[in-house]
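Student: I'll drop the sequence and a predicted model, then ask my questions.
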Amino acid sequence: MDLVSEHLHLVRPAVLSRMGWLDPETIATGYFALVLAAAEFDPTRGIQFTDYARWRIRNAIVDRLRYEERRKHASLEENEPEAWPDFDIALRLDIQRAIERLPRQQRLLLHLRFWKGLTMAEAAREAGCSMHAAKSAQRAAMVALRAGLA
């Protein structure tokens, strides 16, 4: 049995843990990452193939999800109607205006947390601030949005 066949079982749990459900396109991404991992694996580096494959699969899934979120976010920025949830247009515009009035750091953290789906720690790291600052900025943004939409 080759490396890919022996490690197919690694893909579905990786997809499930990152997405919460088994998306066929993301599973295919995971399988492709597994094939690449097998092709590029160097046993002389002192790491087990299982660990290397898990790392490659997880990173491929994260890259795919981030790509999808960027596409979705680009649609929102262009105000394409199909990118918005089905609710009142006036409310959409109110939400968009309220978000645009937020300071840059707060907008960035909301984007990272709610559009990209990052954890607070990941969002803080990507925004270049401490976890405490990220939590404070998100909390302030949510208070401002609630006040702006009330």
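Tutor: Yep, that arrived.

Student: following the helix or strand of the chain with the lowest mean pLDDT, which helix or strand comes up?
Tutor: Ranking every helix and strand in the chain by mean pLDDT, DSSP states H and E puts helix 89-101 at the bottom, with a mean of 78. Using DSSP states H and E, the helix or strand that follows helix 89-101 in sequence is helix 104-110.

Student: Show me what that following helix is packed against.
Tutor: With contacts taken as 3 or more C-beta pairs under 8 Å, 6 or more residues apart in numbering; DSSP states H and E, helix 104-110 sits against helix 89-101, helix 120-127, helix 131-149. To be clear about C-beta, it is placed using only N, CA and C from the backbone, and glycine gets the same treatment.

Student: Redo those helices as a markdown table? Include mean neighbour count.
Tutor: Shown next, in a markdown table, are the helices and strands packed on helix 104-110 (neighbours: other C-beta atoms under 10 Å):
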| stretch | mean neighbour count |
| --- | --- |
| helix 89-101 | 12 |
| helix 120-127 | 17 |
| helix 131-149 | 15 |
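
Student: Identify whichever of those lies nearest to Pro43.
Tutor: helix 120-127 (31.2 Å; C-beta to C-beta).

Student: The closest one to helix 131-149, inter-axis angle?
Tutor: 90 degrees (axes from the mean of the first three to the mean of the last three C-alpha atoms, to 10 degrees).

Student: Tell me where the model's unsure across the chain.
Tutor: Along the chain, segments meeting pLDDT under 70 span 1, 73-92, 149-150.

Student: domain ranges for it?
Tutor: Under automatic domain parsing, the residue ranges defining each domain of the chain are 1-69, 84-150.

Student: list the buried ones in stretch 6-15?
Tutor: Residues 7, 10-11, 14-15 are the ones in stretch 6-15 that count as buried (16 or more other C-beta atoms under 10 Å).

Student: Likewise for stretch 58-78?
Tutor: Neighbour counts over stretch 58-78 (16+ other C-beta under 10 Å) mark 58, 60-61, 64-65, 69 as buried.

Student: Just the C-alphas of that stretch, formatted as PDB.
Tutor: Output of stretch 58-78 as PDB, limited to C-alpha atoms (Å, rounded to 0.1, in the frame of the first residue of the first chain):
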ATOM      1  CA  ARG A  58      -4.900  21.400   7.400                       C
ATOM      2  CA  ASN A  59      -3.000  24.200   5.700                       C
ATOM      3  CA  ALA A  60      -4.700  23.400   2.300                       C
ATOM      4  CA  ILE A  61      -8.100  23.400   3.900                       C
ATOM      5  CA  VAL A  62      -7.400  26.700   5.700                       C
ATOM      6  CA  ASP A  63      -6.000  28.200   2.500                       C
ATOM      7  CA  ARG A  64      -9.200  27.200   0.600                       C
ATOM      8  CA  LEU A  65     -11.500  28.600   3.300                       C
ATOM      9  CA  ARG A  66      -9.600  31.900   3.300                       C
ATOM     10  CA  TYR A  67      -9.800  32.100  -0.500                       C
ATOM     11  CA  GLU A  68     -13.500  31.500  -0.400                       C
ATOM     12  CA  GLU A  69     -13.900  34.100   2.300                       C
ATOM     13  CA  ARG A  70     -11.900  36.700   0.300                       C
ATOM     14  CA  ARG A  71     -14.100  36.000  -2.700                       C
ATOM     15  CA  LYS A  72     -17.200  36.400  -0.500                       C
ATOM     16  CA  HIS A  73     -15.800  39.600   1.000                       C
ATOM     17  CA  ALA A  74     -14.900  41.000  -2.400                       C
ATOM     18  CA  SER A  75     -18.600  40.400  -3.400                       C
ATOM     19  CA  LEU A  76     -19.800  42.300  -0.300                       C
ATOM     20  CA  GLU A  77     -17.500  45.200  -1.100                       C
ATOM     21  CA  GLU A  78     -18.900  45.400  -4.600                       C
END
